[in-house]
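1. I'll drop the sequence and a predicted model, then ask my questions.
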Amino acid sequence: MAFSTATVTTAPYGSWKSPITSDDVSGATKDLGGTTIDGRGRLIWLEFRPTESGRGVLVLEPENNGGEAVDITPKEFGVRTLAQEYGGGAFTVSGDVVFFANYNDQRLYKQSISSLDVPPVPLTPDYGGPLVSYADGRLDARFNRFISVREDRRESSLNPPTTIVSIALGSKDLQEPEVLVSGSDFYAFPRLDSKSERITWIQWNHPSMPWDKTELWVGYISENGEIYKRVCIAGNDPSRVESPTEPKWSLDGELFFVTDKENGFWNIHKWIEFENKVVSVYSLEAEFTRPLWTYGMNSYEFVESSKQKNLIACSYRQHGKSYLGIIDVQGSKLTVIDFPCTDINNITSGNDCLYVEGASEVLPSSVAKVTFDDDKSKAVDFNIIWSSSPDSLKYSSYISKPEFIEFPTEVPGQNAYAYFYPPSNPDFQASKEEKPPLLLKSHGGPTQETRGILNLSVQYWTSRGWAVVDVNYGGSTGYGRVYRERLLRQWGIVDVNDCCSCATYLVDSGKVDKERLCIMGGSAGGYTTLAVLAFRDTFQAGASLYGIADLNLLRAETHKFESHYVENLVGDDKDMYERSPINHVDNFSCPIIIFQGLEDKVVPPDQARKIYQAVKEKGVPVALVEYEGEQHGFRKVRSDLVAHLLEQNSDYM
């Protein structure tokens, strides 16, 4: 179906007609929850479907090219864990068996892939509700058990203990999981070597977040399955702060992992066991992983070639772009693979291929099958297996491609980064005298990174004549530890200043209209949005999605994983009060719209209601839209959200 016409209409920016609807934005895009392969080498992926209220479904790739993919997960189940609130690592596959966490009861189940008519079998006890969650698990074939991270909320939902446990698989009766590792506040990446003689994991404690400071450990397993000896491999040097992550055993029994101790960037390293020392595999000022917000990350894989067995396929980010590479471990050489994606997340090793989660400025989040030559020096075939939004390609003529920009901040000599999307619609143009309105997006985390990839929620605006800029303010990941730590004790200052500096830079560059600047963000980005509107007068309207209004209330009510995070980012009680938008309602002077899920445990609904009531009492235009059944981040179809946003900003076009 063709939407564009030969006639180009002259109309004001913001008034252009677009075929990209709110239904397209909210209902067409599926999220990916990880990939793996089964015993026959077939790809299995987890997709979250907005049209099914965000239900997580495991899907098996088609048997033949052109065939239909097969849903593994029965309709009465949903694959998702609530461990650490953000989840991830909700399933794993071993041979013909898939192990998964079920959303409704949070119990672990196993299911035969070849006998899908047989219902999943529970592996963990029923506690009468979703009180105990499991994540990031692996099968231990030697002892016929399943090793997993467990978060136990039976006694406390605010401070539940996290441990590494083993779940017996051979017993007829369900047994209470046995604790293997405990004592720290958090655990991730329990990984067994090929003989199940050693186990590795990372752990960390309050007040650190996993991108601040972690420890990497190895445990030696006895004949009866117990861990009888433990060695700390990285993260225990008091003179050096580092955050090791993503440990993985090679088939030869060598331990590899990613850490940032040498150059401030997450690079791949190897443990020399007989010397108990760590060596760099390849050093580069680039990030070979991302922050551990969710379990189950997989940024690199071991691959084999006909000539060289010791190869690692990896992805890394540098200057706002992802690269696919092959590292020759023995030669310490990196070969960059020609690859059409500018954004890469996880990598799964298949039979003589790689499955890569990637996207680009014209390609939505997808899974690509990449086949290499014998030397693993170049890709010879590229095939899309899965797409988050396959229908988005029909809007190709309307797509606005991002420009990676570097702009000066308020700190002399320090720059920050963003992706700028100009208005784009083949059917319309504006007068030469007019500048477009700007929608600035502030990402969440705040320790996350926005990426310049195809996203219909951006194209919805640009195709209507808006300019959009997505900011990676100081504190974002993807640019090394020093850049990430700009936000320590400076949240509500650096992010606010950088967002305002970015808007000012675009105004001064002649790209947008100074009188029509809007800002929006979700979660931590919602806080930045509210703080910008409370403390600065740069913008004329704003939208906060499950954003933070009261930092002290957030500290008191948020979940365990982030319960000390705000202290690291802000400081003491005085700083918390001064930087909380709720305490500066008199400063609000422009329209605000607030969206909030009523089951949100990260940012409780009271925050949204409190800021709404206070702004309303002042007489400033404000709207609050609440959603039943939604948690932190909306997973259901929300076309009304986009419509509300458009209506909110219509007066500023």
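-> Yep, it's here.

2. Run through the stretch 201-350 of the chain and note the low-pLDDT ranges.
-> Counting by pLDDT under 70, the stretch 201-350 of the chain shows low-confidence ranges at 306-309.

3. do that again at 90, thanks
-> Applying pLDDT under 90 to the stretch 201-350 of the chain picks out residues 237-240, 251, 262, 304-310, 330-332.

4. Give the closest residue to Leu545 in space, chain neighbours not counted.
-> Leaving out its chain neighbours, the residue that sits closest to Leu545 by CB to CB, 6 or more residues apart in numbering is Gly522, at 3.7 Å. C-beta here means a position set from N, CA and C on the backbone, and glycine is covered the same way.

5. what's the pLDDT at that neighbour?
-> Gly522 is assigned a predicted lDDT (pLDDT) of 91.

6. Tell me which residues touch it, please.
-> Counting by CB atoms under 8 Å, 6 or more residues apart in numbering, Gly522 touches Gly444, Ser544, Leu545, Tyr546, Gly547, Gly633.

7. among those residues, which are in helices?
-> Counting by DSSP state H, none of the members of the contacts of Gly522 fall within helices.

8. Most neighbours among these, please name it.
-> Within those, most neighbours by other CB atoms under 10 Å means Ser544, with 32 neighbours.

9. On the three-state scheme, the closest residue to that one other than its chain neighbours is what?
-> Once flanking residues are discounted, Ser544 sits nearest to Gly526: 3.8 Å by CB to CB, 6+ apart. In three-state terms, and counting by DSSP: H, G, I helix; E, B strand; the rest coil, Gly526 is helix.

10. Return the per-residue confidence for Gly526.
-> On pLDDT, Gly526 comes in at 94.

11. my guess is Trp491 is in a strand, correct?
-> No - counting by three-state DSSP, one finds Trp491 to be coil, located in no strand.

12. Not counting its neighbours along the chain, what's nearest it?
-> Trp491 sits nearest to Leu569 (CB to CB, 6+ apart), 3.7 Å away.

13. count of residues packed around the one you found?
-> There are 25 residues near Leu569, going by other CB under 10 Å.

14. likewise Asn144?
-> 12.

15. quick one: it and Ile337, what's the gap?
-> Asn144 sits 39 Å away from Ile337, going by CB to CB, to the nearest Å.

16. just Lys514 next, same as before
-> Where Ile337 is concerned, Lys514 sits at a distance of 43 Å (CB to CB).

17. neighbour-wise, which of those two wins?
-> Comparing Lys514 with Ile337 by other CB under 10 Å, the one with more neighbours is Ile337, at 18 against 14.

18. Correct me if wrong: that one contacts Phe382.
-> No - at 10.2 Å, Ile337 and Phe382 do not qualify as touching, with contact defined as CB atoms under 8 Å.

19. any shared contact partners between those two?
-> Val370.

20. if we can go back for a sec, please tell me how far the residue nearest to Trp491 sits from Ile548.
-> 11 Å.

21. swap in Leu439?
-> With the distance defined as CB to CB, Leu439 ends up 20 Å from Ile548.

22. which residues in the stretch 401-550 of the chain form helices?
-> 456-462, 481-484, 494-508, 524-535 (DSSP state H, counting those that start in this stretch).

23. Could you single out the most deeply buried of those?
-> Stretch with highest mean neighbour count among those: helix 524-535 (a mean of 28; mean count of other CB atoms under 10 Å).

24. Only C-alpha atoms, please: export it in CSV.
-> Output of helix 524-535 as CSV, limited to C-alpha atoms (Å, rounded to 0.1, in the frame of the first residue of the first chain):
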residue,chain,number,x,y,z
ALA,A,524,14.0,8.5,35.6
GLY,A,525,13.4,10.3,32.4
GLY,A,526,10.1,11.4,33.9
TYR,A,527,11.9,12.8,36.9
THR,A,528,14.3,14.7,34.6
THR,A,529,11.2,16.0,32.7
LEU,A,530,9.6,17.2,35.9
ALA,A,531,12.8,18.7,37.3
VAL,A,532,13.4,20.6,34.0
LEU,A,533,9.9,22.1,34.2
ALA,A,534,10.3,22.9,37.9
PHE,A,535,13.8,24.4,37.8
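
25. more crowded one of Leu439 and Ile548?
-> More crowded of Leu439 and Ile548, by other CB under 10 Å: Ile548, with 30 against 27.

26. wait, isn't that one in contact with Tyr527?
-> Yes - Ile548 lies in contact with Tyr527 (CB under 8 Å); the separation is 3.8 Å.

27. who's in contact with His584?
-> Ala534, Phe535.

28. Let me know the secondary structure of it.
-> Per three-state DSSP, His584 ends up helix.

29. picking up where we left off before, quick one: pLDDT of the residue nearest to Trp491?
-> Looking at Leu569, the pLDDT reads 96.

30. ok, it - contacts?
-> Pro446, Leu487, Leu488, Arg489, Gln490, Trp491.

31. mind checking pLDDT for the last one?
-> Read that as Trp491. You'll see Trp491 listed with a pLDDT of 97.

32. can you give me the helices in the chain?
-> 22-27, 456-462, 481-484, 494-508, 524-535, 551-557, 565-569, 573-578, 605-618, 639-649.

33. Nearest residue to Tyr220 in space, please, no chain neighbours.
-> Tyr220 sits nearest to Lys229 (CB to CB, 6+ apart), 4.2 Å away.

34. neighbours around the one you found, how many?
-> If you count neighbours by other CB under 10 Å, Lys229 ends up with 10.

35. same check, this time on Phe265
-> 24.

36. quick one on the thing from earlier: can I assume the residue nearest to Tyr220 is in contact with Ile199?
-> No - counting by CB under 8 Å, Lys229 stays clear of Ile199, with 11.1 Å between them.

37. residues shared between the contacts of the two?
-> Taking CB under 8 Å, 6+ apart as the criterion, Lys229 and Ile199 both touch Gly219.

38. just the strands in the stretch 101-250 of the chain please.
-> According to DSSP state E, counting those that start in this stretch, the stretch 101-250 of the chain carries its strands in the segments 108-112, 121-122, 132-140, 145-152, 162-168, 178-181, 186-192, 198-204, 215-221, 227-234, 245-249.

39. Quick one: these as a markdown table, columns for distance to Ser377 too.
-> Output for those, formatted as a markdown table (distance: least, CB to CB, whole Å):
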| stretch | distance to Ser377 |
| --- | --- |
| strand 108-112 | 39 |
| strand 121-122 | 45 |
| strand 132-140 | 31 |
| strand 145-152 | 36 |
| strand 162-168 | 39 |
| strand 178-181 | 40 |
| strand 186-192 | 29 |
| strand 198-204 | 30 |
| strand 215-221 | 31 |
| strand 227-234 | 31 |
| strand 245-249 | 23 |
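
40. Just grab the bridge partners of Leu311 for me.
-> For Leu311, the beta-bridge partners under DSSP bridges are Val303, Asp328.

41. That one reaches Lys376, doesn't it?
-> Yes - using CB under 8 Å, Leu311 is in contact with Lys376, at 5.7 Å.

42. Could you check which of those two is surrounded by more residues?
-> Leu311 (23 against 20).

43. so how far is Leu123 from that one?
-> Separation of Leu311 from Leu123 (CB to CB) stands at 36 Å.

44. now the end-to-end length of stretch 266-282.
-> Stretch 266-282 has an end-to-end distance of 11 Å (CA to CA, to the nearest Å).

45. just the strands in the stretch 401-550 of the chain please.
-> 403-408, 415-421, 428-429, 438-442, 467-472, 517-522, 541-545.
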